[in-house]
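**Q** structure for the following, please:
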Amino acid sequence: MQWSKLESKRWGNSTLPVAHTGKYFAQEMKVDQSVYTVAPAKVDLKPGMILTFELFLLRGSQSPTDVAVAWGAFPICDANFDIISGKFKAPLLRGHMDSQVDRHERIEQLISADLDHWLANIYFEIVRLPRFLAGQKEYEVELQFTSGLLNSPGTGQNR
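**A** Okay, here's the model as predicted:
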């Protein structure tokens, strides 16, 4: 996502690595981490804006490079063009992200046609944070807050 004051920088974030045993009976992989991003203003929302999720097998003894294992997409706004908030569930499709899937209906069709396209579900919660603190400009708060949490490169307050 993009914020006009960020001079066209994109802010995509990731969690810390989480171990999975790889055993067939290990049915759950708990991430239990927070990821922060800046959402567009309501006037800038478009129906196709989504949150994307990718699950990677990180390089190591099983793979010499990072490999995308699964991906998912979820709309960022509701039918009234309000940023969503609450607890949600989205399916993860096997493999790397497919740019030809341009509608959520297509995800449903893929899973319906062959259940092997589906890997798992991702359960997540979206909590909207306050837009500003006393005495600060709105974008300064977001930059300071997310940069500190994510150890992102310096963003400066005078943008």
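
**Q** strands of the protein, residue ranges please.
**A** Secondary structure of the chain (DSSP state E): strands at 50-57, 67-75, 86-94, 118-126.

**Q** mind listing the strands the third one pairs with, and their directions?
**A** When you say that, I think you mean strand 86-94. strand 67-75 (antiparallel), strand 118-126 (antiparallel) (DSSP bridges).

**Q** could the C-alpha coordinates of the last one be exported in PDB?
**A** As requested, the backbone C-alpha atoms of strand 118-126 are provided in PDB (Å, rounded to 0.1, in the frame of the first residue of the first chain):
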ATOM      1  CA  TRP A 118      -6.100 -25.400  -1.400                       C
ATOM      2  CA  LEU A 119      -3.300 -25.700   1.200                       C
ATOM      3  CA  ALA A 120      -4.800 -24.200   4.300                       C
ATOM      4  CA  ASN A 121      -6.700 -21.300   5.800                       C
ATOM      5  CA  ILE A 122      -5.200 -18.300   7.400                       C
ATOM      6  CA  TYR A 123      -7.000 -16.700  10.300                       C
ATOM      7  CA  PHE A 124      -6.200 -13.100  11.100                       C
ATOM      8  CA  GLU A 125      -7.400 -10.000  12.900                       C
ATOM      9  CA  ILE A 126      -7.300  -6.400  11.600                       C
END
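
**Q** need the pLDDT of residue 132.
**A** Residue 132 carries a pLDDT value of 65.

**Q** got it, and residue 140?
**A** pLDDT, residue 140: 52.

**Q** for the chain, which element, helix or strand, carries the lowest mean pLDDT?
**A** Within the chain, no helix or strand scores below helix 138-150, which has a mean of 52 by mean pLDDT, DSSP states H and E.

**Q** kindly present the strands of the chain as CSV, with separate columns for mean pLDDT.
**A** Formatted as CSV, the strands of the chain follow (pLDDT from 0 to 100):
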stretch, mean pLDDT
strand 50-57, 90
strand 67-75, 93
strand 86-94, 96
strand 118-126, 93
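
**Q** against residue 106, how distant is residue 123?
**A** Distance from residue 123 to residue 106, counting by CB to CB, to the nearest Å: 22 Å. Using the backbone N, CA and C atoms, a C-beta is placed for each residue, glycine as well.

**Q** residue 56 contacts residue 66, correct?
**A** Yes: counting by CB atoms under 8 Å, residue 56 sits close enough to residue 66 to count as a contact (5.1 Å).

**Q** more neighbours, the two?
**A** More crowded of residue 56 and residue 66, by other CB atoms under 10 Å: residue 56, with 16 against 11.
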